[in-house]
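Visitor: 3D model of this:
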Amino acid sequence: MYRKYIIAIIVLLLSSCEKSPDTSDGELKYYGDSFEDIGYTIAQVDNGYFIGGQFTALTRVGNIIVKEKSIKKMAVIKTGTDGNTVWKRSMGGRFPAVGTKILALEDGSVVCTGYVQDTLAPYSKNLLVVKLDADGNTILEKIFKSPGNQYGTDIINTPEGFLVLGSTDVLREPSTVYTGNAAGKKDILLVRLDNNFGSIVTPFATGFIGNDEGVAIKSAIGGGYIVVGTTDRSLPSTEQAGNNIILWRIRSDASVIEYRILGGASDEYAADIEVLTDGYLVVGNIGTEATGQLGYAWQVPSNISSETIPGDTINIELEAKIKTPFSIKAMCPYKTSLFLMAGQFSTGLSARMLIFVTDDSGNMVEGKKKVIGGTGTQAANDVISDNEDNIIAVGKNSFENNSMITLYKFRF
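Guide: Residues are numbered from 1 along each chain as shown. Below is the predicted model of the structure:
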């Protein structure tokens, strides 16, 4: 028998996600209905913002929601600059789906990548890319099927169309310590698409025999692209262990020029990368939520094989002797030479949305930190800044078994 949830109860639960007093100098908006609604990505257009993430498409019998028949869908929301909803769409057809990265185009349209999940297939995840016009009408929606699981994590414009960064767990031979991929382990996936989402060449996979996952891609200094991700591979004769940060330099045809593994702490996980005038700023986290996670930053020269300034933890509590665990999930440029970091401060039911400012070495700018949240658990999954120095973060607010997409807009 299906478990049933009365709408009145759900509304009561969600209404407990009140604005924190910390938001009095900004605007906090919620989007969604019930169960798991999460914002993963945000992009700016002239008249507002696009948000990508996950909605739950609810199945009702009368006034009762049937949880077991309610399906997670890729969410695409258009808002005004005030954060008010202009339109919202659920994508993915009959499949459960998630949107992980959104890209606003110059003509006002939007592209989102992620995945659909076919629960009846032996390999359930397939890469999904959609395109909607400025009014929310679907222009293109394409599923890329694979003999394994694959999904998109980032997407950028290229002269030929788009380049999708993703992940695949397909067997790739020959399998040695340094080459190939064991079936079920993760490889990074690069998919070159034309403007109509046609595959230009066979998608390219690369990585080691274990797990390698790309999280962000940018245009590289000198041409081509730079990818940052996480690998469970460690270089011989180093202090590296557990997971480490990995960089791949990619040609315009999506083939790999070189890679570099960064590491030296106990366990590192990549979050994002930005391009500097003479190199790259890489941010991630050391440890896990259970072990006292902390944000970490590296400066990497444009020649990623040359000597790198050692990474270090980011100190966001300058006076505190005992540091509160926190994680970085995204980064973006801010003003002339600064950067915004977004993520989560503390853990569990104490977790709050975190936004702070650093210089190009990852050093926190004093007095430029915002921790916000009310009842439940909050996190910022992406952040952008506009020409007026407004800061706009998107994420989630969770309470018990429900979560809503959140957007917070403010200025320091």
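
Visitor: So residue 376 is in contact with residue 396, correct?
Guide: No - using CB atoms under 8 Å, residue 376 and residue 396 do not qualify as a contacting pair, with a distance of 9.2 Å. For glycine as for every other residue, the C-beta is placed from the backbone atoms N, C-alpha and C.

Visitor: okay, those two: which has more neighbours?
Guide: Comparing residue 376 with residue 396 by other CB atoms under 10 Å, the one with more neighbours is residue 396, at 25 against 21.

Visitor: And the more buried one, its phi and psi?
Guide: For residue 396, the backbone dihedrals (degrees, to the nearest 10) come out as phi -150, psi 160.

Visitor: and it, bridged to which residues?
Guide: When bridges are taken as DSSP bridges, the partners of residue 396 come out as residue 379, residue 405.

Visitor: Please report the distance of it from residue 358.
Guide: 23 Å (CB to CB, to the nearest Å).

Visitor: quick revisit: any common contacting residues for residue 376 and residue 396?
Guide: Any residue near both residue 376 and residue 396 by CB atoms under 8 Å, 6 or more residues apart in numbering counts here, and that gives residue 403.

Visitor: What about residue 94, how many residues nearby?
Guide: Residue 94 is flanked by 8 other residues according to other CB under 10 Å.

Visitor: Just say helix, strand or coil for it.
Guide: Put simply, residue 94 is coil when judged by DSSP: H, G, I helix; E, B strand; the rest coil.

Visitor: What about residue 173, how many residues nearby?
Guide: The burial metric for residue 173, expressed as a neighbour count using other CB under 10 Å, is 10.

Visitor: Please name the residues that touch it.
Guide: Residue 173 makes contact with residue 180, according to CB under 8 Å, 6+ apart.

Visitor: Same check on residue 234?
Guide: For residue 234, the set of contacting residues under the criterion of CB under 8 Å, 6+ apart consists of 240-242, 244, 261, 263.

Visitor: tell me which of these is nearest to residue 81?
Guide: In terms of CB to CB, no member of these lies closer to residue 81 than residue 244, at 40.2 Å.

Visitor: residues in contact with residue 307?
Guide: Applying CB under 8 Å, 6+ apart as the definition, the contact partners of residue 307 turn out to be residue 301.

Visitor: Make a ChimeraX selection of the buried ones in the contacts of residue 234.
Guide: Here is the ChimeraX selection string for the buried members of the contacts of residue 234, based on 16 or more other CB atoms under 10 Å:
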select :240,244,261,263
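
Visitor: Quick check: of the contacts of residue 234, which lies closest to residue 382?
Guide: Using CB to CB, residue 244 comes nearest to residue 382 of the contacts of residue 234, at 23.8 Å.

Visitor: Check what pLDDT the spatially closest residue to that closest one that is not a sequence neighbour gets.
Guide: If the residues on either side of it in the chain are set aside, residue 244 comes closest to residue 263, at 3.4 Å by CB to CB, 6 or more residues apart in numbering. In the predicted model, residue 263 carries a pLDDT score of 78.

Visitor: Tell me the spacing between residue 263 and residue 362.
Guide: Between residue 263 and residue 362 the computed distance is 16 Å (CB to CB).

Visitor: With residue 79 instead?
Guide: Here the distance between residue 79 and residue 362 works out to 31 Å (CB to CB).

Visitor: all helices of this structure, in order?
Guide: Shown for the chain, the helices assigned by DSSP state H span residues 7-15.

Visitor: could you point out where it is predicted with low confidence?
Guide: Applying pLDDT under 70 to the chain flags residues 1-24, 122-123, 177-178, 236-239, 265, 308-309.

Visitor: In contact with residue 136, which residues are there?
Guide: Listed by CB under 8 Å, 6+ apart, the contact partners of residue 136 are 76, 78, 86-89.

Visitor: among those residues, who's most crowded?
Guide: residue 76 (26 neighbours).

Visitor: so what's that residue bridging to?
Guide: Residues in a beta bridge with residue 76, per DSSP bridges, are residue 52, residue 89.

Visitor: quick one, what contacts it?
Guide: Contacts here follow CB under 8 Å, 6+ apart; on that basis residue 76 touches 50-52, 88-89, 91, 99, 102, 110, 112, 130, 132, 136.
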